[in-house]
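*Asks:* attaching a predicted model along with its sequence, questions to come.
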Amino acid sequence: MAVNKQISILGCGWLGLPLAKKLIENGFSVKGSTTSENKLALLESNKIEPFLLSLFEDKVEGNIVGFLNDSEVLIIDIPPSLRKDTSISFVAKIKTLVTQIEKSEIKKVLFVSSTSVYRDVFPIEEITEETPTNPDTESGRQLVEVEQLLLNNPTFETIILRFGGLIGEDRHPIKHLAGKKDVENPDAPINFIHQEDCIGIITAITQQLLDFDKKNNDVMLKHSGTSKQHDNFVFNAVSPEHPTREKYYQKKASDLNLALPIFTKNSKSKGKIILSTKIETFLSYTFKKEI
């Protein structure tokens, strides 16, 4: 039986667009969505079949049926965006999307989540996928609810990727912290992941999902200890490097000739160390980019 190598990516933004390009390089065909009409030509020029889609709490605007049609895998890479408007229900948006997924041929959903589902604590703890989620932000709380909504749906299999702070050549928090005073949590560990590793991990997962025939796929899942148990499809994805915020940001500022941020030591640092051992074992993946 031929393998369906078409993937739909909901959200071709900072991560989704280069991811789509990488998957196409690897022989996949990709349908990609954007909320900006001006971006349709960009997607098309990169051999991505473009769709103009907007997700609301009670409807999906655009050709969602065409976007999902003939794909076996859906990658959801859209942020909750609750900082702009805390009254928005990201959960309701995903519930609306799920009603469309259930009517489609999608068999596997990969949801890009965040390590914000774990709160910062003192004393600082090591976090694995078995650590109970305990978010302390509205965005984190809604992400936990969305994760469970997807994991509990019997219509499709779900993989949750909890990425740490996203950085890349054109994106780094030091640009916002440079020169600031009284920056908190100097001794908290950094939990970042580079854009290139995000793409590498998602690509490795899709290869393992789609480049195996049914028999080999079953062997892979059995070998990894994965079954149709929900928590077995949840992965932390964070670089194994965890320097303290003070050392890391001051070095980054120095490297980029930016003003050093000044940290306050008035209170104990809260934080967490996110471990990604499970994904390294499951995919035999080695992180490639230093943070």
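*Replies:* Happy to help now that I have it. Numbers count the residues shown, from 1 in each chain.
*Asks:* and stretch 277-286, what's buried?
*Replies:* Of all the residues in stretch 277-286, those buried under the rule 16 or more other CB atoms under 10 Å are 278, 279, 280, 282, 283, 285. C-beta coordinates here come from the backbone N, C-alpha and C atoms, glycine included.
*Asks:* wait, is the last one part of a strand?
*Replies:* No - counting by DSSP: H, G, I helix; E, B strand; the rest coil, residue 285 falls outside a strand, being coil.
*Asks:* for residue 24, give its distance to residue 138.
*Replies:* 36 Å (CB to CB, to the nearest Å).
*Asks:* just send the buried residues of stretch 277-286 back as TSV, with distance to residue 99 and pLDDT too.
*Replies:* Shown next, in TSV, are the buried residues of stretch 277-286 (distance: CB to CB, whole Å; pLDDT from 0 to 100):
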residue	distance to residue 99	pLDDT
278	31	93
279	30	92
280	36	93
282	30	85
283	31	86
285	34	94
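*Asks:* tell me the one of those nearest residue 86?
*Replies:* residue 279 (31.3 Å; CB to CB).
*Asks:* who does the helix or strand containing the closest one touch, helix- and strand-wise?
*Replies:* Per DSSP states H and E, residue 279 falls inside helix 277-283. Counting contacts by 3 or more CB pairs under 8 Å, 6 or more residues apart in numbering; DSSP states H and E, helix 277-283 packs against helix 195-210, strand 234-237.
*Asks:* from the contact counts, what lies against the longest one?
*Replies:* In this structure, helix 195-210 packs against helix 16-25, strand 73-76, strand 108-114, strand 157-163, strand 165-167, helix 214-223, strand 234-237, helix 277-283, with contacts taken as 3+ CB pairs under 8 Å, 6+ apart.
*Asks:* tell me the centre residue of the protein?
*Replies:* Nearest to the mean C-alpha position of the chain, by CA atoms, centre = their mean, lies residue 112 at 2.8 Å.
*Asks:* quick one on the thing from earlier: for the helix holding residue 279, which outside residues touch it?
*Replies:* With contact meaning CB atoms under 8 Å, 6 or more residues apart in numbering, helix 277-283 is reached by 128-129, 201, 204-205, 208, 224, 226, 235-237, 285-287.
*Asks:* do stretch 10-24 as well
*Replies:* Here stretch 10-24 makes contact (CB under 8 Å, 6+ apart) with 7, 9, 30, 32-34, 39, 42-43, 46-48, 53, 55, 67, 74-78, 97, 112, 166, 168, 171, 195, 198-199, 202-203, 206.
*Asks:* same thing but 6 Å
*Replies:* Contact with stretch 10-24 is made by 9, 30, 32-34, 43, 46-48, 76-78, 198-199, 202-203, as judged by CB atoms under 6 Å, 6 or more residues apart in numbering.
*Asks:* please apply the same query to stretch 48-61.
*Replies:* If you take CB under 6 Å, 6+ apart as the criterion, stretch 48-61 is touched by 20, 30-33, 35, 37, 40, 43-44, 62-63, 67, 89, 92-93, 97.
*Asks:* now the helices and strands packed on helix 277-283 in JSON lines, please, with extra columns for distance to residue 117, mean neighbour count and mean pLDDT.
*Replies:* Listed next are those as JSON lines, based on distance: least, CB to CB, whole Å; neighbours: other CB atoms under 10 Å; pLDDT from 0 to 100:
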{"stretch": "helix 195-210", "distance to residue 117": "17", "mean neighbour count": "20", "mean pLDDT": "92"}
{"stretch": "strand 234-237", "distance to residue 117": "10", "mean neighbour count": "23", "mean pLDDT": "96"}
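*Asks:* these: which one's closest to residue 261?
*Replies:* When these are compared by CB to CB, helix 195-210 sits nearest residue 261, at 22.7 Å.
*Asks:* can I get the closest one in CSV, CA atoms only?
*Replies:* The C-alpha trace of helix 195-210 is given here as CSV (Å, rounded to 0.1, in the frame of the first residue of the first chain):
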residue,chain,number,x,y,z
GLN,A,195,14.3,26.8,15.2
GLU,A,196,16.6,24.4,13.4
ASP,A,197,16.1,21.7,16.1
CYS,A,198,12.3,22.3,16.1
ILE,A,199,12.3,21.6,12.4
GLY,A,200,14.6,18.6,12.8
ILE,A,201,12.4,17.0,15.5
ILE,A,202,9.2,17.5,13.6
THR,A,203,10.8,16.2,10.4
ALA,A,204,12.1,13.1,12.2
ILE,A,205,8.6,12.4,13.6
THR,A,206,6.9,12.7,10.3
GLN,A,207,9.5,10.5,8.6
GLN,A,208,8.8,7.8,11.3
LEU,A,209,5.1,8.2,10.9
LEU,A,210,4.9,8.1,7.2
